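**Q** Following is a predicted model, sequence given first.
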Amino acid sequence: MSYAIGAALQAAVYQRLRGSSVLEALVGDAIHDAVPPGLVTGTYVSLGPEDVRDASDVTGDGAEHDFVVSVVTDAAGFQAAKAVAAAVSDQLVDATLILARGRLVGLWFLRAKARRVAAGEKRRIDLTFRARVEA
């Protein structure tokens, strides 16, 4: 096992989200692979933390990547954030992603956590997905 496929997986997830016309209609080009700098208004999507563990077996090297995609908004209530979160989930669950290195075996939704942040001024939904990759 190695972490060698991590960058390829992140790039493929990012491109999948950026290529979604539904997400574009909801957030425009506000899809980032890092939290945007400075004061951000509106709604955006950001790739976040990742935990990786060995999933090698007798057939070869592999890993499971649990990664977070966050939806953050300053819109009142959670409705806008939930619409974006649903679109993110629709784009990723069971997606067939072509990686620059390695191969995606499967991609699944694990959990979501919705909460108020920034003294209640913003809403945040963290969606956690699991990707199984092979070298």
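**A** Nice, I can see it.

**Q** residue ranges of the helices in this structure, please?
**A** Ranges of helices in the chain, per DSSP state H, are 6-18, 21-27, 79-92.

**Q** JSON lines for the ones you listed, including distance to T73 and mean neighbour count?
**A** Where C-beta positions appear, they are placed from N, C-alpha and C, glycine not excepted. Listed next are those as JSON lines, based on distance: least, Cβ to Cβ, whole Å; neighbours: other Cβ atoms under 10 Å:
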{"stretch": "helix 6-18", "distance to T73": "16", "mean neighbour count": "18"}
{"stretch": "helix 21-27", "distance to T73": "9", "mean neighbour count": "15"}
{"stretch": "helix 79-92", "distance to T73": "5", "mean neighbour count": "18"}
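
**Q** Which one of these lies nearest to A63?
**A** helix 6-18 (8.1 Å; Cβ to Cβ).

**Q** average model confidence for that closest one?
**A** Averaging the model's pLDDT scores along helix 6-18 yields 97.
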